[in-house]
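Participant: Have a look at this fold, sequence not included:
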């Protein structure tokens, strides 16, 4: 049988299919593609000396509640592992066809299901060399492209738990034991024990032995104007050529640490799933803004105070770090910004053909501001208060699309019991030094602060955030809304799996959005 477990209600039910029936089997591999669960191979015998490997594949449609027979494997096997490629192909590795549970010689073959047909792939391992095993843990990490351009990018607000997230090129990580579909796959073991694994839809599904096998991820460089609220989100896009890194990486710095203090640490995550600590900021900061420009990470302002929604701790610091060909960085001072600023947005944009740095709203010297401040860059850092909009705010989303800067949501006061959610979005035209409050032709924004955001083409994704109005009831949300800056509309997007505020977001070159960190704390 097949049991369906609802973790939200702590209940389960034994599935009763409207058509088809399951073949009894153990130690099968599995893969999830959309709403379909593929049950692949397995042992159909009931003794340890007659395991009876099968090549049978069955497919459960969790929406239609049916079971159908899929295309059979080329080789019968039990205890195999399976992963799912980005294009939906299923790849099965290892396992054994042995009848004995105690002497399981692993198959050294890989099969791939593409367009309904299994093929045996050539491997570089050689037959029976021990490269594959029965019940191994397998992950799928997609191939990553490397960006060769960088220019206008993103901004941020702040976070009490997030970190500065910088997307210079694409990258990926793997996560084990996570779930986004609630489905499970089981694995095998040469000792006869099994553990249940989980799968991540469209990425990987494993049926491993003895351990849970599951993998995820895709990620990469952020697109122009990509912003991340809760810390600095640094993205790339535009026209200026840079030397590509050997592999894509996501960089992140500062933020509020797991232990509750403010961090000065800098890390990168690479396409192999490695998280590597690099050099530290001179000052521990959260709520900074930043951008990736001229092959350099830039970080502006921030607060030394762990708590959000307070008017203390705003700093004038400006740090920069050249990303060298090995991917390492070393922060140095780039000067200062005038007056401390935190929980603000920071973007590069062009005005009249010249690139300027714009710091948008935020905690400005201890006061919630509506000011948009322009700095000459990279030399001089001369300040020009470009304009003052109608809505003072901090912890808002700041994004760049074309020559327009968008500032949405946020809080308007530092009063702990009445933070004042802002429920509008302002469009700032740096060429004319004017702004307007957006009036959407359809849809409406959900008031929120400390949301992450990402820009894909003309679309601004507003991701998660705090919907509460007091410092003791921040009310994290999983809601995602999408602003179409061309059609001037707002629609609801797919919700996050976990509610969070103060997260960071980056955008991969293929348009995938990756959300990191944040907190669900009240």
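Facilitator: Nice, thanks for sending it over. The shown structure was predicted, so the numbers you read here are calculated from the model rather than taken from an experiment.
Participant: Can you list the buried residues in stretch 433-452?
Facilitator: Judged by neighbour count using 16 or more other CB atoms under 10 Å, the buried positions of stretch 433-452 are 435, 445, 446, 447, 448, 449, 450, 451, 452. Every C-beta, even on glycine, is put in place using the N, C-alpha and C of the backbone.
Participant: Tell me where the stretch 1-150 of the chain has strands.
Facilitator: 3-6, 11-14, 29-33, 36-40, 57-61, 66-69, 81-84, 90-93, 110-114, 117-121, 149-150 (DSSP state E, counting those that start in this stretch).
Participant: before we move on, what about the stretch 301-450 of the chain?
Facilitator: Using DSSP E, counting those that start in this stretch, strands in the stretch 301-450 of the chain cover 315-322, 332-342, 345-351, 354-364, 367-376, 383-388, 397-401, 404-408, 425-429, 434-437.
Participant: Single out the most deeply packed of those.
Facilitator: strand 397-401 (a mean of 30; mean count of other CB atoms under 10 Å).
Participant: Run through the chain and note the low-pLDDT ranges.
Facilitator: 101-108, 121-248, 257-260, 270-274, 325, 508-510 (pLDDT under 70).
Participant: what about 50?
Facilitator: Within the chain, the set of residues satisfying pLDDT under 50 comprises 123-131, 141-247.
Participant: Can you say which of the strands of the stretch 301-450 of the chain is nearest to residue 498?
Facilitator: strand 397-401 (19.0 Å; CB to CB).
Participant: Return the list of strands paired to that closest one, each annotated with direction.
Facilitator: Strand 397-401 pairs in its sheet with strand 404-408 (antiparallel), by DSSP bridges.
Participant: The strand it pairs with to strand 383-388, inter-axis angle?
Facilitator: For strand 404-408 against strand 383-388, the angle by axes from the mean of the first three to the mean of the last three CA atoms, to 10 degrees is 70 degrees.
Participant: what's the spacing between strand 404-408 and its chain's center?
Facilitator: 22 Å (CA atoms, centre = their mean, to the nearest Å).
Participant: likewise stretch 37-51?
Facilitator: With CA atoms, centre = their mean, you get 37 Å for stretch 37-51.
Participant: follow-up on the earlier one: using JSON lines, lay out the strands of the stretch 1-150 of the chain together with distance to residue 397 and mean neighbour count.
Facilitator: Converted to JSON lines, those look like this (distance: least, CB to CB, whole Å; neighbours: other CB atoms under 10 Å):
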{"stretch": "strand 3-6", "distance to residue 397": "33", "mean neighbour count": "11"}
{"stretch": "strand 11-14", "distance to residue 397": "37", "mean neighbour count": "10"}
{"stretch": "strand 29-33", "distance to residue 397": "32", "mean neighbour count": "28"}
{"stretch": "strand 36-40", "distance to residue 397": "36", "mean neighbour count": "24"}
{"stretch": "strand 57-61", "distance to residue 397": "38", "mean neighbour count": "20"}
{"stretch": "strand 66-69", "distance to residue 397": "43", "mean neighbour count": "15"}
{"stretch": "strand 81-84", "distance to residue 397": "32", "mean neighbour count": "28"}
{"stretch": "strand 90-93", "distance to residue 397": "38", "mean neighbour count": "25"}
{"stretch": "strand 110-114", "distance to residue 397": "40", "mean neighbour count": "18"}
{"stretch": "strand 117-121", "distance to residue 397": "44", "mean neighbour count": "12"}
{"stretch": "strand 149-150", "distance to residue 397": "22", "mean neighbour count": "20"}
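Participant: could you redo those strands as TSV and give each row distance to residue 390?
Facilitator: TSV is the format used below for the strands of the stretch 1-150 of the chain (distance: least, CB to CB, whole Å):
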stretch	distance to residue 390
strand 3-6	46
strand 11-14	50
strand 29-33	48
strand 36-40	50
strand 57-61	52
strand 66-69	56
strand 81-84	49
strand 90-93	54
strand 110-114	55
strand 117-121	60
strand 149-150	33
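Participant: Select, out of these, the one closest to residue 422.
Facilitator: Across the strands of the stretch 1-150 of the chain, closest to residue 422 is strand 149-150 (CB to CB), at 31.2 Å.
Participant: Of all the strands of the stretch 1-150 of the chain, which one is nearest residue 391?
Facilitator: That would be strand 149-150 among these, by CB to CB, at 30.9 Å.
Participant: Quick check: the residue minimising distance to the centre of the chain vs residue 358, distance?
Facilitator: The centroid of the chain falls nearest to residue 514 when counting by CA atoms, centre = their mean (2.1 Å). Going from residue 514 to residue 358 by CB to CB, to the nearest Å gives 25 Å.
Participant: And residue 261, by the same measure?
Facilitator: 30 Å.
Participant: With residue 385 instead?
Facilitator: From residue 385 over to residue 358 (counting by CB to CB), the distance is 11 Å.
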